[in-house]
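In: below are the sequence and a predicted model; questions follow.
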Amino acid sequence: MIEKNTKLIFEKSGTGKRGYSLPPLDVPEVKLEEMIEEDLIRNEIPLLPELSEPEVVRHYVNLSMKNHNVDKDFYPLGSCTMKYNPKINDKIASIPGFSMLHPLMPEHSVQGSLELMYRLEGFLKEITGMHRVTLQPSAGSQGELVGLLIMKKYHNHKKNIKKYILIPESAHGTNPASVILAGYDVISLKSDSRGRVDINDLKSKMNSDVAGMMLTQPNTLGLFEDQIEEICKIVHSFDGLMYMDGANLNALIGLARPFDMGFDIAHLNLHKTFSTPHGGGGPGAGPIAVTEELSRFLPSPTIDKRKNGTYFLNFKLDDSIGRIHSFYGNFGILVRAFVYILSMGSDGLCEMTRCAIINANYLKKKLEKYYNIPYGDGTLHEFVISADKQKERGAKALDIAKALLDSNFHAPTVYFPTTVPESIMIEPTESESKQTLDRFIDSMIDIDKKISTDIDKIKSMPRNTPVRRLDEAKANRELNLKYEVSE
Ligand SMILES: *Cc1c(COP(=O)(O)O)cnc(C)c1O
């Protein structure tokens, strides 16, 4: 039973309650005024909550139970790869030798960590087929920006004058945002009837003003862009560069490599594909991999190895776009990715990809009798339902998503991509068993049936969650932590 109306921790406070006990003072007492300037010292004691240890623990455990998370149940959030993250990777990242490092420690005292980053770069080079990788960007979106800045530097070096970046209309919102930040303008490309890039539209828009193209592979519909070689040829023929949004690498590892497809730059989301829990804006890592030709533009420092076998941070990079993160990025996430890749091995990673693809195709096959799946030809790791038929019977994509919450599932992504009406985007990932997938299928079929037989019930769901249907715009604008549930 989830506690419904949680009081604020301040309201639970009671004077004199303590969560700790300190030993008697065994050093000379010093007056505060002798250590801190007097006008900086508070006059009043701050109003911090006073509680016992179990009260604090229960408060936060209860709060955490109000949220859905991947350790609780299925989280089929399309586009975001919310897969299970093995706990051993967290454990290893928190070994004091990693977690207590100071970023200013002298190079000779952190050889192990430098080696870890160097070898992780090696793994990612192997996975992408690229020449070099920077581990610094702290998110996929920052990787995009870095990739575009590298593109810019490349064109400046060649004295190319370029203004535009091509992006398919189904792209993730971060793509156009990165383009604007990098100082280019976006040209949007249409999709064809198969949900892939419309080659004729590309041909008509590609010219020498275009700096390059950003393409999500597999794309936002979960489909492999199977004309990728032709696309690259067209863009390269005007000295444009190909950028791969590789946030969906979960569908490719071990089966296909960005370099072999003709891409020049690719970002990877370690916090999606390589075992870092994400959501809620937690720290991430979005390394980018580039071809040999572009390697000299990578952010500084790179992590390099001397002839004598020691590792060092190389700041002597004349053509680098410069520094893009303090120190070397989010190191703890790099440790998790390194451990994950080592523990899976190349066979294991290949198997992971295949399972992600099979799981998505199993769900799609079981649901296609009940739901319209307009672009289901060639599904890889995710697929997009259109709830247009359900809408005719009175339930929108949002209603279906809300109803799923009562079965203890996180809702799939809805209303994205915008190219599919009433879209519901489902990504099961490789970590789910057939039993879990079957439970989800049963719920989806049950919801479809109830839309015909008991639409009022569907509209009144969720019933079992801490809050029911919020006015979402209001909830976003006027955050109210004391939201009272009206039954
Ligand atoms: C998640 C995602 C991004 C952005 O990654 P962040 O790490 O959230 O910045 C970009 N493109 C696609 C396709 C994604 O799924």
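Out: Looks like it came in fine.
In: phi and psi next, for residue 248.
Out: Main-chain torsions, residue 248, degrees, to the nearest 10: phi -100, psi 30.
In: next, count neighbours for the spatially closest residue to it that is not a sequence neighbour.
Out: Closest residue to residue 248 apart from its sequence neighbours, by Cβ to Cβ, 6 or more residues apart in numbering: residue 218 at 5.3 Å. Yep, even glycine has a C-beta here, placed from its N, CA and C like the rest. Around residue 218 there are 23 other residues, counting by other Cβ atoms under 10 Å.
In: thought residue 218 was touching residue 383?
Out: No. Using Cβ atoms under 8 Å, residue 218 is not in contact with residue 383, being 10.6 Å away.
In: wait, what's in contact with the residue nearest to residue 248?
Out: 224, 225, 248, 251, 252, 380, 381 (Cβ atoms under 8 Å, 6 or more residues apart in numbering).
In: pull the number of nearby residues for the last one.
Out: Just to be clear, that refers to residue 381. 25.
In: same check on the fifth one?
Out: As a burial measure, the neighbour count of residue 252 was computed by other Cβ under 10 Å and equals 25.
In: try the second one
Out: Here the number of neighbours of residue 225 (other Cβ under 10 Å) works out to 20.
In: could I get the buried residue list for the host helix or strand of residue 88?
Out: With elements taken from DSSP states H and E, the one containing residue 88 is helix 87-93. Neighbour-count burial for helix 87-93, counted by 16 or more other Cβ atoms under 10 Å, picks out 89, 90, 92, 93.
In: what about the nearest residue to the last one once chain neighbours are set aside, how many residues close to it?
Out: Same thing as residue 93. Nearest non-adjacent residue to residue 93, counting by Cβ to Cβ, 6+ apart: residue 335, 4.2 Å away. Residues contacting residue 335 under the criterion other Cβ under 10 Å number 23.
In: looking at the protein, what residue ends up closest to the ligand?
Out: Scanning the chain for proximity to the ligand using Cβ to the nearest ligand atom identifies residue 140 as nearest, at 2.5 Å.
In: and the stretch 201-350 of the chain, which residues reach the ligand?
Out: 216, 245, 247, 248, 269, 284, 286 (Cβ under 6 Å from any ligand atom).
In: double-check the fourth one against residue 381; I have them as touching.
Out: Yep, that's residue 248 we're talking about. Yes. At 6.6 Å, residue 248 counts as touching residue 381 under the criterion of Cβ under 8 Å.
In: what are the phi and psi values at residue 142?
Out: phi -70, psi -40.
In: do the one 5 residues further on as well
Out: Comment: the main-chain dihedrals of residue 147 come out as phi -60, psi -40, following degrees, to the nearest 10.
In: name the nearest residue to residue 111, ignoring sequence neighbours.
Out: Nearest non-adjacent residue to residue 111 (Cβ to Cβ, 6+ apart): residue 311, at 5.9 Å.
In: need the contact list for the one you found.
Out: 107, 111, 114, 115, 118, 303, 304, 305.
In: now for the top helix by length along the chain, which elements pack on it?
Out: Identified as the longest helix of the chain according to DSSP state H is helix 331-367. The contact analysis (3 or more Cβ pairs under 8 Å, 6 or more residues apart in numbering; DSSP states H and E) places helix 331-367 against helix 87-93, helix 96-99, helix 111-128, helix 270-273, strand 383-386, helix 434-453.
In: would you turn these into a markdown table with distance to residue 404 and mean pLDDT?
Out: Putting those into a markdown table (distance: least, Cβ to Cβ, whole Å; pLDDT from 0 to 100) gives the following:
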| stretch | distance to residue 404 | mean pLDDT |
| --- | --- | --- |
| helix 87-93 | 27 | 94 |
| helix 96-99 | 37 | 95 |
| helix 111-128 | 33 | 98 |
| helix 270-273 | 21 | 96 |
| strand 383-386 | 12 | 98 |
| helix 434-453 | 6 | 98 |
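In: reformat those as TSV; add distance to residue 408.
Out: As requested, these are exported to TSV (distance: least, Cβ to Cβ, whole Å):
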stretch	distance to residue 408
helix 87-93	21
helix 96-99	33
helix 111-128	34
helix 270-273	23
strand 383-386	20
helix 434-453	9
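In: and stretch 33-47, how far from the chain's centre?
Out: 43 Å (Cα atoms, centre = their mean, to the nearest Å).
In: over to stretch 234-252?
Out: With Cα atoms, centre = their mean, you get 19 Å for stretch 234-252.
In: what does the average pLDDT come to for that stretch?
Out: Stretch 234-252 shows a mean pLDDT of 97.
In: give me the distance between the most centrally placed residue in the chain and residue 179.
Out: Note on the chain: the residue nearest the mean C-alpha position is residue 272, at 4.8 Å, using Cα atoms, centre = their mean. To residue 179, residue 272 is 21 Å away according to Cβ to Cβ, to the nearest Å.
In: now do residue 419
Out: 19 Å.
In: more neighbours, the two?
Out: residue 179 (25 against 17).
In: just the C-alphas of stretch 105-122, formatted as CSV.
Out: Provided in CSV are the C-alpha atoms of stretch 105-122 (Å, rounded to 0.1, in the frame of the first residue of the first chain):
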residue,chain,number,x,y,z
MET,A,105,45.4,14.3,-8.4
PRO,A,106,48.8,14.0,-10.1
GLU,A,107,48.9,11.9,-13.2
HIS,A,108,51.2,9.2,-11.8
SER,A,109,48.8,8.5,-9.0
VAL,A,110,45.8,7.9,-11.2
GLN,A,111,47.3,5.6,-13.8
GLY,A,112,44.6,3.0,-13.3
SER,A,113,41.7,5.4,-13.9
LEU,A,114,43.5,6.8,-17.0
GLU,A,115,44.0,3.3,-18.3
LEU,A,116,40.3,2.6,-17.7
MET,A,117,39.3,5.6,-19.8
TYR,A,118,41.9,4.7,-22.5
ARG,A,119,40.6,1.2,-22.7
LEU,A,120,36.9,2.3,-22.7
GLU,A,121,37.8,4.5,-25.7
GLY,A,122,39.2,1.4,-27.3
